[in-house]
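In: With the input below, show me the fold.
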Amino acid sequence: MSSQQPNMIYIVADQWRGDCLGIYKNHHPVMTPHLNQLACEGVNYRHGYADCPICMPQRATMLTGKTGSQTRCITNFDTNSAPEIDPSRTLPGRLTKEAGYQTKAIGKMHFVPQRARHGFEHVTLHPDDYLWWLEEQGQGGSFRGHGLGGNEVYPTEAVTDQRYYHTTWIIDQAIRFLEQRDPANPFFLYIIFEAPHSPFDPPPPYDRMYDNFTIPAPVEGNWRENDYPASFEAKRIGGKYDYMQPEAIAEARRRYYGQMSHIDYQLGRLFGSLRSHGIDDQTAIAFTSDHGECLGDHGIFAKHNFLESAARVPFILRLPPQFREQYQTAQADTPVLTADLCPTFLNMAGLTPDRTTEGQSLLQASQREFIFGETPESAMILGRGYKFIYYIAGGNEQLFNIHQDSDDRENLAHSADFASIQAELKAKLIDYLTHNKSPMVKDGALVNQPVNIDTDWLRRMNPCACRGPMHGGDGY
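Out: Residues are numbered from 1 along each chain as shown. Sure thing, here's the model as predicted:
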């Protein structure tokens with residue numbers, strides 16, 4: 001192993017909002033002692049974002065450094081709409097073939113097809129391999145045995161002990177990899193948890209860990225009554241979020257925090273294993289998420305939008321000693337994208353990142369003035385201390401001060417005092433979307449689709465209760 005080739009661990013939580021780290025000591029009382037320590041040893045970027053806050057597009061972005069707008073993958077895909085991914089050009093593919101790394105992925109890959117490797121030498125997959133293991137342990141049928149589906153947000157608890165919970169199993173597999181790897185060569189370990197994605201079902205004792213904590217109420221913006229995006233209203237009705245009592249929302253938040261603490265405590269086992277093997281200082285570690293979770297803020301749950309609760313993600317990078325002196329962008333307030341980690345890891349391995357990607361190596365001085373994002377429902381530009389969001393259904397516009405308004409409470413889009421910055425950001429967003437051939441732009445202007453909310457149809461549909469067979473990934 002070259003002294004300039006560190007081991008690398010890329011840790012991803014699913015649906016972990018960016019403001020939920022204990023180091024912030026804010027209104028979210030989540031306890032994350034090991035991530036706090038990791039942040040103190042490295043850089044905690046306070047403005048990390050997912051360019052497309054949806055599960056599967058972010059998987060493609062993390063492997064390639066290309067944003068959803070670049071790949072035109074801006075929604076969860078099937079075999080007909082999955083982006084073309086050349087396994088020899090992915091982060092693990094290049095590390096394996098060009099730099100001699102051992103590459104291993106563990107957890108919720110969310111690939112299409114389900115068992116695609118996309119350049120990894122080996123994948124241990126959740127839920128498939130986890131479900132086979134549960135059956136071997138005499139725990140068959142326990143995964144989501146409570147009956148809640150993968151996108152339902154009512155609170156519950158796991159029906160097994162924590163030793164059988166998927167978070168624990170993923171860390172068990174990671175520690176096993178550290179035992180079985182070839183110590184003569186560097187490794188790249190990619191870990192993706194399913195938690196704290198709904199269902200909010202932590203195992204005991206994490207299900208009751210926050211019983212004595214004050215749980216914050218959801219955030220409400222000044223735009224809720226008169227300027228509510230149609231896409232939010234549709235999700236609120238379809239998800240039946242307006243049926244949830246405040247107590248149920250508070251309890252869902254409690255369990256969400258419990259899942260986070262369970263991940264953090266299990267990461268303590270992984271970090272301890274690195275020290276036991278004497279490779280802690282030889283290993284670069286990144287922690288982030290594919291997107292956040294609105295958690296009842298502004299009347300909705302889940303993601304798919306560019307509010308801070310959904311698009312902002314935790315973003316911690318801890319480097320080995322040999323890279324710390326050359327690390328030029330250690331400003332915690334620098335806006336960064338999940339796309340940046342792919343070129344950063346390639347740089348650390350001595351490889352040249354693909355210059356066509358929007359992702360930029362964090363080892364180099366950033367030349368980025370703005371970051372952009374796109375989903376089928378909305379688009380975003382962030383820069384100059386402000387965030388502008390456009391919603392295609394109804395043409396709603398939002399402008400937020402990201403430094404003074406971390407919860408998107410005050411929409412500045414209708415204030416004459418901010419008209420110039422809004423106009424500048426809007427023009428740059430149009431240019432960006434046009435360059436990436438987005439259907440959200442036509443003839444140099446943002447498309448404004450008519451609003452059509454069929455309340456009766458939305459009430460009848462059941463988009464969140466994904467159940468069915470679990471083998472093969474159908475349980476998502």
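In: Next up, the contacts around Gly385.
Out: Going by C-beta atoms under 8 Å, 6 or more residues apart in numbering, Gly385 touches 401-403. In this view, the C-beta of every residue, glycine as well, is placed from N, C-alpha and C.
In: Can you name the residues that contact Pro204?
Out: With C-beta under 8 Å, 6+ apart, Pro204 has these contacts: 157-158, 161-162.
In: Kindly write the ChimeraX command that selects the buried subset of those.
Out: Selecting only the buried entries of the contacts of Pro204 in ChimeraX, with 16 or more other C-beta atoms under 10 Å as the criterion:
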select :157,158,162
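In: Output the below-cut-off pLDDT ranges for the protein.
Out: 1-3, 78-81, 326, 328-331, 466-476 (pLDDT under 70).
In: Show me where it has its helices.
Out: 33-41, 55-64, 68-71, 91-99, 128-136, 166-180, 230-238, 246-276, 308-311, 321-324, 341-348, 419-435, 455-460 (DSSP state H).
In: tell me which residues in the fourth one are buried?
Out: What it means is helix 91-99. Residues 91-96, 99 are the ones in helix 91-99 that count as buried (16+ other C-beta under 10 Å).
In: what sits up against it?
Out: Contacts of helix 91-99 (C-beta under 8 Å, 6+ apart): 5, 8, 62-65, 86-88, 101-103, 105, 118-121, 186, 188, 190, 342, 345-346, 349-351.
In: From the chain's centroid, how far away is it?
Out: Put simply, helix 91-99 sits 23 Å off its chain's centre (C-alpha atoms, centre = their mean, to the nearest Å).
In: May I have that helix as PDB, with CA atoms only?
Out: Extracted in PDB, the C-alpha atoms of helix 91-99 (Å, rounded to 0.1, in the frame of the first residue of the first chain):
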ATOM      1  CA  LEU A  91     -15.700   5.600  -8.400                       C
ATOM      2  CA  PRO A  92     -15.300   1.900  -7.300                       C
ATOM      3  CA  GLY A  93     -14.600   0.800 -10.900                       C
ATOM      4  CA  ARG A  94     -11.700   3.200 -11.300                       C
ATOM      5  CA  LEU A  95     -10.300   2.600  -7.800                       C
ATOM      6  CA  THR A  96     -10.300  -1.200  -8.500                       C
ATOM      7  CA  LYS A  97      -8.800  -1.100 -12.000                       C
ATOM      8  CA  GLU A  98      -6.600   2.000 -11.900                       C
ATOM      9  CA  ALA A  99      -5.400   2.200  -8.300                       C
END
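In: tell me the angle it makes with helix 341-348.
Out: 10 degrees (axes from the mean of the first three to the mean of the last three C-alpha atoms, to 10 degrees).
In: returning to what we had before: among the contacts of Gly385, which one sits closest to Tyr241?
Out: Minimum distance to Tyr241 across these is 25.5 Å, recorded for Ile402 (C-beta to C-beta).
In: I'd like the contacts of Pro204 laid out as CSV, including distance to Arg324.
Out: Formatted as CSV, those follow (distance: C-beta to C-beta, whole Å):
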residue, distance to Arg324
Glu157, 42
Ala158, 40
Asp161, 40
Gln162, 36
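In: Please report the distance of the residue nearest the centre of the chain from His118.
Out: With distances taken as C-alpha atoms, centre = their mean, Asp290 lies nearest the centre of the chain, 1.6 Å away. Applying C-beta to C-beta, to the nearest Å, the value for Asp290 to His118 is 15 Å.
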